[in-house]
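>>> Sequence and computational prediction follow.
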Amino acid sequence: MNDKKVALVTGSATGVGAATCKLLASKSWDVVINYSRSETEAEATAVSCRALGSDALVCKANVAEDADCRDMVGMVVERFGRIDALVNNAGTTRYCSFDDLEGLTKDDFMFLYGVNVVGAYQVTRAVVPHLKEATNPAIVNTSSISAISGIGSSIAYAASKGALSTMTLSLAHALAPDVRVNAVCPGFIQGRWTKDFLRDRYDSVKSGVESATLLQKTAVPEDIARTIVYLIEDALMTTGEILTVDGGNLLSQGKL
């Protein structure tokens, strides 16, 4: 069996997932970089992790497909012989104004739930037998402040993240005492996802969020990655926690 701990991070070609893999690699973890479309970016992230001393495995898998999840976990176990942590970071959205109720279809909801909720469940289910063999195993789900505020890129997205946060609590119950399960709820994150959503409004919205946030700044992917790794490595008495990482943005909405 591999002597180093191994983390599977879904949706880790870019953004928060990639930052999490790199941070874990710098802490002597081997990592599994999962992607569904961004192969070039996934390979680049793997190169960065290997430069930090990690044995990085790149796996293409659509988490919405159960067979893909099980095949990916099988590849990880065959390569490393263990899995010590899972980060359910894969996510997607459909952009739609909240007042455009006709703009979202049943298929939109099913697509988002398929990746953001069912996908996280399916990867978890495939990984749990191996996590239970590890010492201090952990699962961290990447939710969103949309789960709390009800705002975001679309109603379907916010609803899916609300479901993911609730599932985190359910899994914390189901997997105790063997596996800790927590979630992070990022706010505005600088990067490609947000730029694709906001387009020419990116700079103005970023400035507005920062001015309305207690810490007067917005997060970069590395900020969220540090919180995820904290929940994996250090928060050994924490499970069922939904941790907001937004610089105090939600709190500032009620400030005096």
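On my side now, so go ahead. Numbering: from 1, shown residues only.
>>> Ramachandran angles for the nearest residue to Arg50 once chain neighbours are set aside?
Nearest non-adjacent residue to Arg50, counting by CB to CB, 6 or more residues apart in numbering: Ala56, 5.3 Å away. The C-beta positions use only the backbone N, C-alpha and C, and glycine is treated the same way. When read as degrees, to the nearest 10, the backbone of Ala56 gives phi -100, psi 120.
>>> for Asn34, same thing?
Taking degrees, to the nearest 10 as the convention, Asn34 sits at phi -100, psi 140.
>>> Report how many residues lie close to it.
29 (other CB atoms under 10 Å).
>>> heads up, I number from 305, so please use that
Yep, numbering from 305; the last one is Asn338 now.
>>> List the beta-bridge partners for it.
Cys363 (DSSP bridges).
>>> For the stretch 455-560 of the chain, give me the ranges with low pLDDT.
Applying pLDDT under 70 to the stretch 455-560 of the chain picks out residues 558-560.
>>> All the helices of the stretch 455-560 of the chain, residue numbers only.
Assigned by DSSP state H, counting those that start in this stretch, the helices in the stretch 455-560 of the chain fall at 459-479, 496-502, 506-515, 525-537, 553-556.
>>> I misspoke; the intended subject was the stretch 305-454 of the chain.
Counting by DSSP H, counting those that start in this stretch, the helices of the stretch 305-454 of the chain are 319-330, 343-355, 370-384, 410-417, 424-435, 450-453.
>>> Tabulate those in TSV, adding columns for mean pLDDT and distance to Ser474.
Listed next are the helices of the stretch 305-454 of the chain as TSV, based on pLDDT from 0 to 100; distance: least, CB to CB, whole Å:
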stretch	mean pLDDT	distance to Ser474
helix 319-330	98	23
helix 343-355	98	30
helix 370-384	98	18
helix 410-417	98	15
helix 424-435	98	10
helix 450-453	95	14
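>>> deepest of those, which one?
helix 319-330 (a mean of 26; mean count of other CB atoms under 10 Å).
>>> quick one: contacts for the closest residue to Gly544 other than its chain neighbours?
Excluding its sequence neighbours, the residue lying closest to Gly544 (CB to CB, 6+ apart) is Ala476, at 3.4 Å. Neighbouring residues of Ala476 by CB atoms under 8 Å, 6 or more residues apart in numbering: Arg484, Val485, Asn486, Thr543, Gly544.
>>> Most neighbours among the residues you listed, please name it.
Highest neighbour count within the contacts of Ala476, by other CB under 10 Å: Val485, with 28 neighbours.
>>> Report the beta-bridge partner residues of that one.
Ile443.
>>> so it sits right up against Leu475, yeah?
Yes - look at Val485 against Leu475 with CB atoms under 8 Å: they come within range, at 4.4 Å.
>>> any residues in contact with both of these two?
Joint contacts of Val485 and Leu475 (CB under 8 Å, 6+ apart) are Ile443.
>>> quick revisit: what's the closest of the helices of the stretch 305-454 of the chain to Tyr506?
helix 319-330 (14.9 Å; CB to CB).
>>> End to end on stretch 495-515, go ahead and measure it.
19 Å (CA to CA, to the nearest Å).
>>> buried residues in it?
For stretch 495-515, burial by neighbour count (16 or more other CB atoms under 10 Å) applies to Gly495, Trp497, Thr498, Phe501, Leu502, Lys510, Val513.
>>> Just flag the most distant two among those.
Among the buried residues of stretch 495-515, Trp497 and Val513 lie farthest apart (CB to CB), at 14.6 Å.
>>> Lys410 versus Ala348, what's the distance?
Ala348 sits 37 Å away from Lys410, going by CB to CB, to the nearest Å.
>>> what's the answer for Asp538, then?
Applying CB to CB to Asp538 and Lys410 gives a distance of 42 Å.
>>> ditto for Pro525
Counting by CB to CB, the separation of Pro525 from Lys410 is 32 Å.
>>> For Ala430, list the residues it contacts.
Counted by CB under 8 Å, 6+ apart, Ala430 has contacts Cys373, Arg374, Met376, Val377.
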